[in-house]
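*Asks:* missing the sequence, but the structure's below:
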């Protein structure tokens, strides 16, 4: 099958309509790049990007990366496509695994065919419930391979393996970012992760749900800082043959986070305690020495400042603030003067293997 040629050498962002992906798309567009966003919209939302359609060279295409695709003319590929919160990735664990593994394979093939770098969004979950603290990239992890979180943990571990096999076998320039807890505007109200849960519960005067005794720790990185790390990683000249931790090395207990959210929201919500979920890690904090050395990167936003911005966002959402006016541009309108060729004319499924289900 003949691959389709894209004009203006765009950057592909898989999962670009999600929380983190939409911030990355916005950052790339602001830097003057054309962007093709691929998303199956299982957790991503078009509304995260619609405000950019009239003024930026952005193409949004509904696509499940577990299905092959052929594009020519791309310059970079970011793979951020996979639900990242336990309630979402556990809702369809088989699909989560296929997205992580088959999706990584398809995008690695796309990178190999185009001869371009691929940044794989991995996760701190590959460390499982760690026995080494803080976690360095050399630590192999402590993961339950058959538990309820394994679809995400092991799916991402397998994706990392594929990336480095493509680096060794096909000389693909892979960049594997192990992303630690990230938060900020555009998280979903029903996201299910602790920062959004606490903020929404506090703003709605509901009890803050703490799982376990609250002594478990996390490190929280504001989304703008994390996106800066991704952009620097992609542009780095040094070819790294190791994953790189991206996260905030400042560690907080869950109880400390709850207290800060209550302080900043002015909420009088009480806290309630529930049993700790299966395989929930008791400590999670990155060692980012490699990111500092190789990328010149470290987070700049304090937890207090980041939470203030995130609380303001959720306050607007819960208050029912009207969405930004919808773009008059159709998502895939045929425009001969467009800087990126319209998506339906650029995306083609590769030959399907037996057993694949047509979308």
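*Replies:* Sure thing, it's come through. On a predicted model such as this, the values are computed, not experimentally measured, just so you know.

*Asks:* residue 309 contacts residue 186, correct?
*Replies:* No - when contacts are counted by CB atoms under 8 Å, residue 309 is not listed as touching residue 186 (11.2 Å). (Glycine included, C-beta is placed from N, CA and C.)

*Asks:* okay, these two: which has more neighbours?
*Replies:* Between residue 309 and residue 186, counting by other CB atoms under 10 Å, residue 186 is the more crowded of the two (22 against 15).

*Asks:* for the more buried one, give its distance to residue 16.
*Replies:* Using CB to CB, to the nearest Å, one obtains 12 Å as the distance from residue 186 to residue 16.

*Asks:* common neighbours of those two, please.
*Replies:* Common contacts of residue 186 and residue 16, defined by CB atoms under 8 Å, 6 or more residues apart in numbering, comprise residue 22.

*Asks:* could you pull out the helices in the stretch 1-150 of the chain for me?
*Replies:* Along the stretch 1-150 of the chain, counting by DSSP state H, counting those that start in this stretch, helices occupy 19-30, 86-89, 93-114, 150-170.

*Asks:* what's the second one packed up against?
*Replies:* Okay, so that is helix 86-89. Identification of packing neighbours for helix 86-89 by 3 or more CB pairs under 8 Å, 6 or more residues apart in numbering; DSSP states H and E yields helix 150-170.

*Asks:* which outside residues touch the very next helix or strand once past the helix it packs on?
*Replies:* Under the assignment DSSP states H and E, the closest C-terminal helix or strand after helix 150-170 is strand 174-179. With contact meaning CB under 8 Å, 6+ apart, strand 174-179 is reached by 20, 108, 111, 117-124, 126-127, 137, 160, 163-164, 166-167, 226, 229-230, 233-234, 236, 240, 242-247, 286.

*Asks:* what's near enough to touch residue 143?
*Replies:* Residues 125, 126, 127, 128, 129, 150, 153, 154, 157 are the ones in contact with residue 143 under the rule CB under 8 Å, 6+ apart.

*Asks:* format those as TSV; extra columns: distance to residue 252 and pLDDT.
*Replies:* Written out in TSV, the entries for these read as follows (distance: CB to CB, whole Å; pLDDT from 0 to 100):
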residue	distance to residue 252	pLDDT
125	18	93
126	21	93
127	18	95
128	20	91
129	18	90
150	27	87
153	22	89
154	27	92
157	26	95
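
*Asks:* mind putting these into TSV with distance to residue 275 and neighbour count?
*Replies:* Formatted as TSV, the entries for these read as follows, by distance: CB to CB, whole Å; neighbours: other CB atoms under 10 Å:
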residue	distance to residue 275	neighbour count
125	20	25
126	25	24
127	22	28
128	19	24
129	16	16
150	20	20
153	20	23
154	24	21
157	26	22
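
*Asks:* ok, which of the helices of the stretch 1-150 of the chain comes nearest residue 68?
*Replies:* Proximity to residue 68, assessed across the helices of the stretch 1-150 of the chain by CB to CB, is greatest for helix 93-114 (5.0 Å).

*Asks:* buried stuff in that closest one?
*Replies:* Using 16 or more other CB atoms under 10 Å as the test for burial, helix 93-114 gives 95-111, 113-114.

*Asks:* how about stretch 154-163?
*Replies:* Here stretch 154-163 shows 154, 155, 156, 157, 158, 159, 160, 162, 163 as buried, counting by 16+ other CB under 10 Å.

*Asks:* among these, which two are most distant?
*Replies:* 154 and 163 (14.9 Å).

*Asks:* measure the closest residue to residue 274 other than its chain neighbours to residue 101 for me?
*Replies:* Closest residue in space to residue 274, ignoring its immediate chain neighbours: residue 211 at 5.1 Å, by CB to CB, 6 or more residues apart in numbering. Here the distance between residue 211 and residue 101 works out to 28 Å (CB to CB).

*Asks:* right, I'll leave it there.
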